[in-house]
Each structure stands twice: as C-alpha cells, then as structure tokens.
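J.: the following block contains a protein sequence and its predicted model.
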Amino acid sequence: MLRILGKIQRIGIVTEPLPRIDEPALEEVGAQLKAHIGERFGGSLAIRAVDAGSCNGCELEIHALNNPYYGIERFGVHFVASPRHADMLLVTGPVSRHMQTALRRTYEATPDPKLVIAVGECGANGGEFGVSYASCGAVSNVVPVDAVIRGCPPAPLALMRGILEAIGKLDGSGKRRAAR
C-alpha cells in the first residue's frame with residue numbers, strides 16, 4: 001500500500017484540465033429548454049429513460065447529460081426512477097420482444113400528457129436489427145412517439161435539441177398541439 005501511495009505522490013496529477021463551459025450552442029439550447037420547461041411544466045421536467053434493448057451507446061450519451069459539462073439539471077431537467085413521476089419517456093434501442101410488454105406498461109404508467117422520444121437509429125427505425133423474431137424494431141411500432149433523435153449514438157447536445165423539439169409539440173396548457 002505504501003508503495004502505491006509513494007508512486008501516486010511521485011507522479012502527481014495527470015488528468016486533463018476541465019474544458020470551459022461556455023459553448024454558445026449549449027447555452028442557447030439550455031436557455032430555450034429552461035424557458036419552455038418553465039412555461040409548460042412549472043419549471044421542472046421529469047424524464048424516465050427506458051432501455052428497450054439497446055447496445056448502451058445511447059445510454060452513455062444520456063448519462064453524459066448529467067455530467068458537470070452539460071449539467072442538464074441546471075435547465076430544469078431531472079431523471080426519475082419511476083414512470084409514475086415522469087413527464088417524458090426517453091426510449092433507446094430497438095424494442096426487443098421481451099421488452100415489448102414492459103415498454104407498454106411503462107408507457108401506460110406514465111401520467112398524461114406524456115411525451116415519448118425514440119433515441120438513436122435503433123429507436124427510430126430498428127437500426128441494423130430491424131424487425132425480426134427477436135425485435136419489434138422501432139419504438140413507434142410499440143408505443144406512440146412524439147419525437148425522434150437520430151444518431152448512433154446521438155450527442156448530448158442533439159439529445160437536448162430533441163427534448164426541446166418534443167416539448168415544442170405541447171401547447172401552453174400542456175396538451176399536444178393539433179397535427180397540421
């Protein structure tokens with residue numbers, strides 16, 4: 001143990017410096033998110049992330065939203081453990097057959113007005129898995145989808161833009177706008 005501590009003391013800190021958090025696009029999208037969340041959700045949007053059979057690439061990007069660089073909570077977005085507390089479902093992956101019922105139950109447990117976002121190429125169209133004996137394919141094949149965020153995996157900023165797009169589909173009272 002002393003040998004390891006001595007080595008740590010000799011080498012010192014070898015991490016990269018933190019990047020500056022002044023990316024204009026991030027601040028712009030964040031400000032828009034905060035304003036829309038304030039109008040439509042009373043200042044706080046609760047999201048339940050659902051992995052319906054993904055490779056976890058999209059989950060890593062979703063988790064990055066909570067890191068110090070993106071810090072999405074400062075814009076009023078919070079991730080919750082129960083669909084009963086959620087305003088929005090963020091669904092990743094092609095929906096595997098064994099997750100089909102679980103996704104439907106999660107959707108039904110989410111109170112209205114609920115929003116559903118299909119994340120990544122797999123969530124959008126089934127990706128390279130498509131529809132098969134083991135996969136239902138796109139999220140929209142199982143539950144209604146309000147927005148799709150493309151990418152494999154989509155970057156955190158793209159996720160923020162997709163959340164903003166989905167929120168934009170609600171009117172001021174929190175109900176979905178009529179389709180044009």
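T.: Arrived safely. Numbering: from 1, shown residues only.
J.: and the helices in this protein?
T.: Across the chain, reading from the start of the chain, the helices by DSSP state H fall at 2-11, 24-41, 57-64, 97-109, 120-125, 156-168.
J.: point out where this structure drops to low pLDDT.
T.: 16-22, 171-180 (pLDDT under 70).
J.: figure out how far the longest strand along it is from the centre of its chain.
T.: Longest strand in the chain by number of residues (criterion: DSSP state E): strand 45-51. A distance of 7 Å separates the centroid of the chain from that of strand 45-51, by Cα atoms, centre = their mean, to the nearest Å.
J.: same question for stretch 3-19.
T.: For stretch 3-19, the separation from the chain centroid amounts to 34 Å (computed by Cα atoms, centre = their mean).
J.: contacts for that stretch next, please.
T.: Surrounding stretch 3-19, the residues in contact under the criterion Cβ atoms under 8 Å, 6 or more residues apart in numbering are 68-69. Quick note: C-beta positions are derived from backbone N, CA and C, even for glycine.
J.: repeat for stretch 133-144
T.: The contact list for stretch 133-144, computed with Cβ under 8 Å, 6+ apart, reads 52-53, 89, 91, 94-97, 100, 103-104, 107, 116, 118, 123-126, 129-131, 145.
J.: of those, select the buried ones using a PyMOL command.
T.: Here is the PyMOL command that selects the buried residues among the contacts of stretch 133-144 (16 or more other Cβ atoms under 10 Å):
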select buried, resi 52+53+89+91+94+95+96+100+103+107+116+118+123+124+125+126+129+145
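J.: coming back round to it: elements contacting the longest strand of the chain?
T.: Based on contacts counted as 3 or more Cβ pairs under 8 Å, 6 or more residues apart in numbering; DSSP states H and E, the elements that strand 45-51 packs against are helix 57-64, strand 77-79, strand 88-92, helix 97-109, helix 156-168.
J.: what does that strand contact?
T.: With Cβ under 8 Å, 6+ apart as the contact definition, strand 45-51 has outside contacts at 37, 59, 62, 76-83, 85-93, 103, 106, 110, 163, 167.
J.: from G126, how far out is K7?
T.: From K7 over to G126 the distance is 49 Å, taken as Cβ to Cβ, to the nearest Å.
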